[in-house]
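In: following is a predicted model, sequence given first.
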Amino acid sequence: MGTVSQLHERLRPPAHSIQSEEEALDIARSLAAGFALQASDRDINRVLPYDEIEALSQSGLLGISVPSEHGGIDISNSVLTEVVAILAEADPSIAQIPQTHFHVLEAVRIGGSEEQKASLFARAIIGDRFGGVFTKIGVGTAGQDALQVTLDGLGHRLNGRSFDSPSVLFSDWIAIFAATDDNGAFVAVIPRNTEGIQIIDDWDGFGQRTSGNGTAILHNVYLNADAVLSRGEKLGQPTIVDAVGQLTHAGINLGIARSALMATIDFVRANPHPWPDGDGKRAADDPLVVTRIGEIAVRIEAATAMVERAGSKIDAAQINLTEDHVIDAALSVAAAQTMTAEIAMETANTLFDLAGTSAARIGLNLDRHWRNARIHTLHGPARQKYNIVGNYHLNGIKPSRR
């Protein structure tokens, strides 16, 4: 059974103002160094990283995707994803919070009125965190979410629940994403403390254990008209909102792969050869081990390049939002997400292939890399991405909005 989550209200001073992409990367690296220190302990004991998330808010990183006209630096999508990857290398659970946050802000950029953008972007700039409830309207079946949205005067009423809402435990604001019956889009952004919202801390996945996922229960929640993104119909058309969300997911995969590789290198350097036929050699001197480490490092580098390429295509689509640009970005993001997911799993498996049985001790908690990779790569199965890309090239079937 889960427990009701109560986010402690605190006076938060305005966040640091980041002025460049280089500064954003430097701050991400500095934060990551601190986040990594207790990441394993937080995972083992499921200690939620409230202090670390507050440090993230204060750092200014949550405002870097805000357009320059609203006080941000309008960061490129490849650098945005690298920021997420850096945080994920330290602790992929923490990286889940900005990943969802940036997805929500892109929806605001596309679907919000000028007034809504000014208001919500200002909250991101000062360090507020945005989480998401992603669901479909209608009666849910097994394994699906259910949400009913009805008109009520000039506003709406929401009822239902959404399971495993990402990073919702740490959110100051919650974005409700719902697909309407006519395949349109309904998106509203509301304060977490809105009357009728109950957040349950009930995430019991074996990986990403401290990412702040939970169940959001909406009981007769009233939405003022100004809470619903006034240009929400834009979100039902071809956009790159989901491409941004998927690419930053790829950033988390990439961070997990990098972390697993470093854990492998550290263990192999520090421990005797795990194989009986090692002939007394250090594992780090074994040509097979050296070659395997090199293979993984090369594939991680290739996956990084694919993320950068996909980011540049999203940049192009944001500047010139044509269907061709959106499709080009979607296909490139699908490739990047697939490759990063596969290298995250491969690297986590290789850790144990090269380190041997001594690496399996519970106290080392090295299995957290595999658990995090396995849970996170469930977001977009590779077979689904291959099918989308194959259908486009073979049959001319365009990727759906998602």
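Out: Cool, got the structure. Numbering: from 1, shown residues only.

In: element containing the most centrally placed residue in the chain, please.
Out: Compute the mean C-alpha point of the chain, and by C-alpha atoms, centre = their mean the closest residue is Gln99, 3.2 Å away. Taking DSSP states H and E as the criterion, Gln99 maps to helix 92-111.

In: which strands or helices does the helix or strand following that helix pack on?
Out: Proceeding N to C from helix 92-111, the next assigned helix or strand is helix 114-125, under DSSP H and E. Under the contact criterion of 3 or more C-beta pairs under 8 Å, 6 or more residues apart in numbering; DSSP states H and E, helix 114-125 touches helix 92-111. Bear in mind the C-beta positions are built from the backbone N, C-alpha and C, glycine included.

In: just the pLDDT at the residue nearest to the centre of the chain, thanks.
Out: What the model reports as pLDDT for Gln99 is 96.

In: list the contacts of it.
Out: The neighbourhood of Gln99, defined by C-beta atoms under 8 Å, 6 or more residues apart in numbering, consists of 84, 166-167, 245, 248-249, 251-252.

In: mind giving me a markdown table with those and columns for distance to Thr291 and secondary structure?
Out: Output for those, formatted as a markdown table (distance: C-beta to C-beta, whole Å; DSSP: H, G, I helix; E, B strand; the rest coil):
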| residue | distance to Thr291 | secondary structure |
| --- | --- | --- |
| Val84 | 30 | helix |
| Pro166 | 38 | coil |
| Ser167 | 39 | coil |
| Gly245 | 36 | helix |
| Thr248 | 32 | helix |
| His249 | 30 | helix |
| Gly251 | 28 | helix |
| Ile252 | 28 | helix |
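
In: could you check how far the closest residue to Gly245 other than its chain neighbours is from Gln96?
Out: Nearest residue to Gly245, sequence neighbours excluded (C-beta to C-beta, 6 or more residues apart in numbering): His103, at 3.7 Å. As judged by C-beta to C-beta, to the nearest Å, His103 and Gln96 stand 11 Å apart.

In: go on, Ala316?
Out: 27 Å.

In: hang on, isn't the residue nearest to Gly245 packed against Ile240?
Out: No - in this structure, His103 is not within contact of Ile240 by C-beta atoms under 8 Å, at 11.0 Å.

In: how many neighbouring residues does Leu37 have?
Out: Residues within reach of Leu37, counting by other C-beta atoms under 10 Å, total 12.

In: now for Asp43: which residues touch it?
Out: Per C-beta under 8 Å, 6+ apart, neighbours of Asp43: 93, 209-210, 365, 368.

In: in what helix or strand does it lie?
Out: With DSSP H and E as the test, Asp43 turns up in helix 39-45.
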